[in-house]
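> Take a look and give me a structure for this.
(2 chains)
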Amino acid sequence: MDKMKFIRYFAYTIELFVVFMIQETPGLIPEILGAKPIILIPAALSIALFENETAGMIFGLYGGLLIDFGAGGIMGFHGLILSVMCYIIGRMASDLIQTNFLTSMMVSLICSGITVFLQFVFFYILYNYSHVFYALWAHYLPRFLYTAAIMPVTYYFNRALFTQINDKE
Amino acid sequence: MKNYFNSASFKVMVTIVFVMFCLMLYTASTNSCVVSNLFGLAATPMQKVSTVVTNNASATAKSAARSVDELEAENEALKKQVSELNKKLVKYYSYQQENAQLRKFLELKNENQDFKPVSAAVIGRDPSNLFNDFQIDKGTLYGISVNDPVITEDGVIGWISSVNSSYSRVTSILSPDTKISAIDKVNRDSGVVSSDIKLADRGLVKLSYLAADTTVKAGDIVVTNGLGGMFPRDLPIGKVTEVKYSPYDVSLYAEIKPFADAKTVRDVMVITSFEGQGQVLKDTTSTEDK
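Okay, the predicted model is just below:
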């Protein structure tokens, strides 16, 4: 691995950890309609858009494990989902799709939607909690939209990071 | 296509999926794992720092943003409150005197002498959680264990649902996973305090399984009754706001506004030991509808 690539990967590692700290710190991110975004999802997805499938998958795994640690539930749930998603995105970004703002938003909407829906199924419905449709409408839907809406921030940040370090490379 | 499935990256992905699946099964069965401990060692000190910085910044921003009118209005409200509290204080001293005499007469000891409390700070709140569960900065190193009750100066706030060496997770009183055996302090009617997502959104819990002829009414104080061995008796829970009919049967339930606010709490106390802890827990633990 050349030096610049190593620096870039190190920067991603720090970035995801800082994003995790921001996500978990009480009162730092404002609530909208009672929901808070899972900002590690767009952060990991945007890294996968700029890297190859293996690197994307590793950072997806790392971001997913951080979400699992923060949630305090079952370790590996988000790790599994995000690593597979980031693998597919990394593969598609190198072969099939162009990496631009529009595709990043589509990726964010689809992947955030899948992740939040799986959270709803595995951590709400299967826990046999009551008022299922209320929870979906009042909590999971706003969380999905808020999470997907963070993508422009992480996309432009990671694009700048990738371009800067690639230029020097 | 065949080359794709034979590629190294695909094999790595399949391996990761397999490992993550095993990790999920392992943590689901043991409720703890080395990976979360490692993350905890790295993240907990930094979460403490970021929480303190955020709290200080928030307090500064709040006071700086207030106008003269707001401060004057607050001053007026506080003066009124002081006057009311002074009146209550007079009553309080007389009750205290009476209480002291009764205690002396009955040779009752101070009821909280058996508590072994550990103070802790809230360092994390996960956005995925719907019921205001939170993470605190103390773990097994301070003697905290699973099922320990967590309180604030106002009353019950939750219980320890998982614990690691340097941090613990608290399931809040607003969670459907929380079931507390409780009693109305005024008329001794007992029930189970629990919640659901709709009540949690309004910051309320409910005292369920009240009989049709219950005398529980708005304004009553509800406290723990010590049954179950998870919470010591007489810890304040909250005040009854309304009594309603259960939608599922002929029983009634009372909506309660907890004294402690799980949404904004910053400092808590974990009771690591108390008289009667865990004594009836094994007999009463059962799966209940959430």
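
> Give the buried residues for stretch B:152-165.
B:152, B:155-164 (16 or more other C-beta atoms under 10 Å in any protein chain shown). Heads up, the C-betas are built off the backbone N, CA and C, glycines and all.

> Kindly apply the preceding question to stretch A:119-132 instead.
Under 16+ other C-beta under 10 Å, the buried positions of stretch A:119-132 are A:119-120, A:123-124, A:129, A:131.

> Now for the chain: which helix has the highest residue count?
All of this is about chain A. helix A:3-24 (DSSP state H).

> You answered for a different chain; I wanted chain B.
Across chain B, the helix with the greatest residue count (assigned by DSSP H) is helix B:68-106.

> centre of the chain versus it, how much separation?
26 Å (C-alpha atoms, centre = their mean, to the nearest Å).

> how far is stretch B:16-32 from where the chain is centred?
28 Å.

> residues in contact with it?
Contact with stretch B:16-32 is made by A:57, A:61, A:74-77, A:79-80, A:83-84, B:33, B:35-36, B:146, B:162, B:164, as judged by C-beta atoms under 8 Å, 6 or more residues apart in numbering or on different chains.

> List buried residues within those residues.
A:57, A:61, A:74-77, A:79-80, A:83-84, B:33, B:35-36, B:162, B:164.

> just checking, which of the residues you listed belong to strands?
B:S162 (DSSP state E).

> picking that back up, out of the buried residues of stretch A:119-132, which touch chain B?
Here is what survives when these are matched to chain B using C-beta under 8 Å from any C-beta of the partner chain: A:119, A:123-124, A:129, A:131.

> doesn't B:K244 make contact with B:E255?
Yes. With contact defined as C-beta atoms under 8 Å, B:E255 reaches B:K244; the gap is 6.7 Å.

> Report the beta-bridge partner residues of the nearest residue to B:V243 once chain neighbours are set aside.
Spatial nearest neighbour of B:V243, excluding adjacent residues (C-beta to C-beta, 6 or more residues apart in numbering or on different chains): B:A254 at 4.8 Å. Beta bridges link B:A254 to B:L207, B:V243, judged by DSSP bridges.

> per-residue pLDDT, B:A254?
Confidence at B:A254, expressed as pLDDT, is 90.

> ok, now how distant is the residue nearest the centre of chain A from chain B?
The C-alpha lying nearest the average C-alpha coordinate of chain A belongs to A:I41 (C-alpha atoms, centre = their mean; 1.3 Å). Note on A:I41: its distance to chain B, by C-beta to the nearest C-beta, to the nearest Å, is 10 Å.

> what's the burial count for A:I29?
17 (other C-beta atoms under 10 Å in any protein chain shown).

> sec struct for A:M105, please.
helix (DSSP: H, G, I helix; E, B strand; the rest coil).

> burial of it, as a residue count?
Other residues close to A:M105 by other C-beta under 10 Å number 16.

> who's in contact with the spatially closest residue to it that is not a sequence neighbour?
Nearest non-adjacent residue to A:M105, counting by C-beta to C-beta, 6+ apart: A:M151, 5.8 Å away. Counting by C-beta under 8 Å, 6+ apart, A:M151 makes contact with A:42, A:45-46, A:104-105, A:107-108.

> ok so, going back, is it correct that the residue nearest to the centre of chain A is in contact with A:L66?
No. When contacts are counted by C-beta under 8 Å, A:I41 is not listed as touching A:L66 (10.7 Å).

> which residue ranges form the helices in the chain?
You didn't pick a chain, so chain A it is. Under DSSP H, chain A gives helices at A:3-24, A:40-50, A:53-71, A:77-95, A:101-120, A:132-135, A:141-149, A:151-168.

> ah, no, chain B please
According to DSSP H, the helices that chain B contains are B:2-6, B:8-30, B:34-65, B:68-106, B:197-201, B:281-284.

> what's the angle from the longest one to helix B:34-65?
When you say that, I think you mean helix B:68-106. 120 degrees (axes from the mean of the first three to the mean of the last three C-alpha atoms, to 10 degrees).

> follow-up on the earlier one: just want to know which of B:E255 and B:K244 has more residues nearby.
Legend: neighbour count by other C-beta under 10 Å for B:E255 and B:K244, higher for B:E255 (18 against 11).

> so what pLDDT did B:T60 get?
So B:T60 comes in at 71 (pLDDT).

> er, A:I38 actually
92.

> Pull out the buried positions in the lowest-mean-pLDDT helix or strand in chain A.
Here the helix or strand of chain A ranked lowest by mean pLDDT, DSSP states H and E is helix A:151-168, holding a mean of 85. Neighbour counts over helix A:151-168 (16+ other C-beta under 10 Å) mark A:151, A:154-155, A:158-159, A:161-162, A:165 as buried.

> Distance from the chain centre to it, please.
Distance, centroid of helix A:151-168 to centroid of chain: 15 Å (C-alpha atoms, centre = their mean).

> ok and it relative to helix A:3-24, angle-wise?
With the same axes, to 10 degrees defining the directions, helix A:151-168 sits at 160 degrees from helix A:3-24.

> Helix A:151-168 relative to helix A:101-120, how many degrees between them?
Using the same axes, to 10 degrees: helix A:151-168 against helix A:101-120 is 120 degrees.

> Nearest to A:L28 among the buried residues of helix A:151-168?
A:T154 (16.1 Å; C-beta to C-beta).

> contacting residues around that closest one?
A:T154 is in contact with A:19, A:39, A:42-43, A:45-46, counting by C-beta under 8 Å, 6+ apart.

> Could you check how many residues crowd around the residue lying closest to A:M21 once chain neighbours are set aside?
Excluding the flanking residues, the one nearest A:M21 by C-beta to C-beta, 6+ apart is B:S50, at 5.2 Å. With neighbours defined by other C-beta under 10 Å, the count for B:S50 comes to 20.

> And for B:K198?
Neighbourhood size, B:K198 [other C-beta under 10 Å]: 13.

> Hmm, it is touching A:F133, no?
No. With contacts counted by C-beta under 8 Å, B:K198 stays clear of A:F133, the gap being 11.3 Å.

> so B:T54 makes contact with A:E24?
No. The criterion here is C-beta under 8 Å, and B:T54 misses it with A:E24 at 10.7 Å.

> thinking again about what came up before, any idea which of the helices of chain A is most buried?
helix A:40-50 (a mean of 29; mean count of other C-beta atoms under 10 Å in any protein chain shown).

> Give me the pLDDT for B:K239.
Model confidence at B:K239, given as pLDDT, is 91.

> contacting residues for the residue nearest to B:V243?
B:A254 touches B:184, B:191, B:206-207, B:210, B:214, B:216, B:220, B:222, B:240-244, counting by C-beta under 8 Å, 6+ apart.

> which residue packs closest to A:F120, ignoring adjacent ones?
A:F120 sits nearest to A:Y140 (C-beta to C-beta, 6+ apart), 4.7 Å away.
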